[in-house]
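Asker: Have a look at this fold, sequence not included:
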């Protein structure tokens, strides 16, 4: 149980999965939904339009920072160990990457389904 929880925690709850989620989120808000529309939504909620830096942050700063961190994490990747002694077998890493990708793949699949079902 603890071994599986460590794999789940390492691959799904932290690291590459969260960085990819942040890249998807910032790209979708900044480029697909539109940063101007998002700032208008924020203005409707809080009563004033956010500073222009927020708009450029969603469009450029956040995706580039997250992608840079993801690239650095990939270059410096080291496999996880349990108690610094047990090295997981190759299929354990496969399970971890499968768990991480199964949650992230739903974002583009949902987007494709929504676009395909939309009329016009």
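Answerer: Right, received. Where do you want to start? Small disclaimer: the values here were computed from a predicted structure and weren't measured.
Asker: Could you check how far the residue lying closest to residue 20 once chain neighbours are set aside is from residue 98?
Answerer: Residue nearest to residue 20 in three dimensions, not counting chain neighbours: residue 104, with 5.5 Å by Cβ to Cβ, 6 or more residues apart in numbering. All C-beta atoms are positioned from the backbone trio N, CA, C, and that covers glycine. Going from residue 104 to residue 98 by Cβ to Cβ, to the nearest Å gives 11 Å.
Asker: between those two, who's got more neighbours?
Answerer: When residue 104 is set against residue 98 and neighbours are counted by other Cβ atoms under 10 Å, the residue ahead is residue 104, at 17 against 12.
Asker: The more buried one reaches residue 18, doesn't it?
Answerer: No. Residue 104 sits out of contact with residue 18 when judged by Cβ atoms under 8 Å, with a separation of 9.8 Å.
Asker: just to revisit the earlier point, contacts only, for the residue nearest to residue 20.
Answerer: With contact taken as Cβ atoms under 8 Å, 6 or more residues apart in numbering, residue 104 is in contact with 17, 20-21, 24.
Asker: Please pick the buried ones from these.
Answerer: Among those, those classed as buried by 16 or more other Cβ atoms under 10 Å are 17, 20, 24.
Asker: how about those residues in TSV, adding pLDDT?
Answerer: Conversion of these to TSV gives the following (pLDDT from 0 to 100):
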residue	pLDDT
17	84
20	86
24	86
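Asker: now the helices for this structure?
Answerer: Listed in chain order, the helices of the chain (DSSP state H) span 2-11, 16-27, 35-46, 52-56, 62-75, 90-104, 106-117.
Asker: and the angle from the longest one to helix 2-11?
Answerer: Taking axes from the mean of the first three to the mean of the last three Cα atoms, to 10 degrees, one finds helix 90-104 and helix 2-11 inclined to each other by 50 degrees.
Asker: measure residue 58 to residue 94 for me?
Answerer: Residue 58 sits 34 Å away from residue 94, going by Cβ to Cβ.
Asker: more crowded one of the two?
Answerer: When neighbours are counted by other Cβ under 10 Å, residue 58 and residue 94 differ, and residue 58 comes out ahead with 23 against 12.
Asker: Return the distance of residue 119 relative to residue 60.
Answerer: Noted for residue 119: a distance of 33 Å to residue 60, by Cβ to Cβ.
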